[in-house]
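**Student:** How does the following fold in three dimensions:
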Amino acid sequence: MTTPLTLRVLPPAPRYGTPFDADTNGFNEGWWISRWHEGSGPDADAIKLSLDGDEVARAMVLHDPPEAEHIGLGPLTDPLELARIEVAEQYRGRGFGRDAVRAIARHYAGRDVWVHGDEAAFYEKTGWTRYERADGDTSIVPFFVLHA
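**Tutor:** Residues are numbered from 1 along each chain as shown. Model prediction:
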């Protein structure tokens, strides 16, 4: 059974600001508050995922294709990068990460979502396909695609 998360794309933040609430507990402030603009800020979709009004997860989605070539990966359909995702500390280990990814995929239905994910087991368990770089570079975190 999945958790019915409410997904909301937040309005753009003011210059060098963040669209996320700095007072919400359980998130890595460096990712969402002080470094939001460095991570593509106004060019990214800021996604808030909530359960009964409580924010349980956040994500940053960029409207970009991957730059490197990957073995066996054909053209992507209107690709999106899941640049960052985090479940609030107090909600971790309860399936909310999986539910958040599913909600994001539903929101962007018909589009391929890709990620450089250092949590390979999570992406493999949640239906993403792993691809190796064509140039053989293994220094980059694994590359996964959730096909539309």
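
**Student:** What number of residues are in the vicinity of Ala22?
**Tutor:** By other Cβ atoms under 10 Å, 11 other residues sit near Ala22. (C-beta placed from N, C-alpha, C; glycine too.)

**Student:** Hmm, Glu29 and it touching each other?
**Tutor:** Yes - between Ala22 and Glu29 there is a contact under Cβ atoms under 8 Å: 7.0 Å.

**Student:** pLDDT of stretch 45-63, averaged?
**Tutor:** Stretch 45-63 carries an average pLDDT of 95.

**Student:** and it, how far from the chain's centre?
**Tutor:** 9 Å (Cα atoms, centre = their mean, to the nearest Å).

**Student:** Extract the CA atoms of that stretch and return them as CSV.
**Tutor:** This file holds the C-alpha atoms of stretch 45-63, laid out as CSV (Å, rounded to 0.1, in the frame of the first residue of the first chain):
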residue,chain,number,x,y,z
ASP,A,45,11.2,22.9,-9.9
ALA,A,46,11.1,22.9,-6.1
ILE,A,47,8.8,20.1,-5.1
LYS,A,48,7.2,19.8,-1.7
LEU,A,49,5.6,16.4,-0.8
SER,A,50,3.2,16.4,2.2
LEU,A,51,1.0,14.0,4.1
ASP,A,52,-2.0,15.5,6.0
GLY,A,53,-0.3,19.0,5.7
ASP,A,54,3.1,17.9,7.1
GLU,A,55,6.0,18.2,4.7
VAL,A,56,7.7,14.7,4.5
ALA,A,57,9.9,15.1,1.5
ARG,A,58,11.5,17.7,-0.9
ALA,A,59,12.9,17.4,-4.3
MET,A,60,14.7,19.5,-6.9
VAL,A,61,13.9,18.7,-10.6
LEU,A,62,15.8,20.1,-13.5
HIS,A,63,14.6,20.1,-17.1
